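Q: sequence first, predicted model second:
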Amino acid sequence: GDCAKKEGDSRKTLPTSVIYQLLRKRAKARQFRDFEYADDLRAQLEAGGVMVDDETKTWTCRDGRMGSTDGKKDRKAFWGNEMTQTKKPGDWNCDNCGALNFARRGECFKCQAPKPPHLR
């Protein structure tokens, strides 16, 4: 769902999938110490009615929706699944467990099965 608009509220709203997409980008930017980009992403979230609390590692929306910004605490919601993840050229699915792996991996991150020879 989208962040609800209050009566007469003309501000933009963000779907949950976009909120998590921006939160993932912000987490990566912070990890690589690109704080200017992280702040820009936070501003985009706030413009969409999403408040981020770094102390409690949560986000809340104008319509009352909320979630975790902690990728370790709420992995499925934060990082998504195969249906919500964007597969990039060279990324591969493990033949053993089905996990999506980055192109650079020589073995599955989840079960350590080797990358199929035809994908090397």
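A: Thanks, I have the structure now.
Q: isn't Met51 right next to Trp59, touching?
A: Yes. Here Met51 lies in contact with Trp59, judged by CB atoms under 8 Å, at a distance of 6.7 Å. To be clear about C-beta, it is placed using only N, CA and C from the backbone, and glycine gets the same treatment.
Q: with neighbour numbers in mind, choose between those two.
A: Counted by other CB atoms under 10 Å, Met51 and Trp59 do not tie: Trp59 has more neighbours, with 19 against 13.
Q: pull out the buried positions in whatever helix or strand that one lives in.
A: Using DSSP states H and E, Trp59 maps to strand 58-61. Neighbour-count burial for strand 58-61, counted by 16 or more other CB atoms under 10 Å, picks out Thr58, Trp59, Thr60, Cys61.
Q: do stretch 108-119 as well
A: Quick answer for stretch 108-119 (16+ other CB under 10 Å): Cys108, Lys115.
Q: try stretch 18-25
A: Using 16+ other CB under 10 Å as the test for burial, stretch 18-25 gives Val18, Ile19, Tyr20, Gln21, Leu22, Leu23, Arg24.
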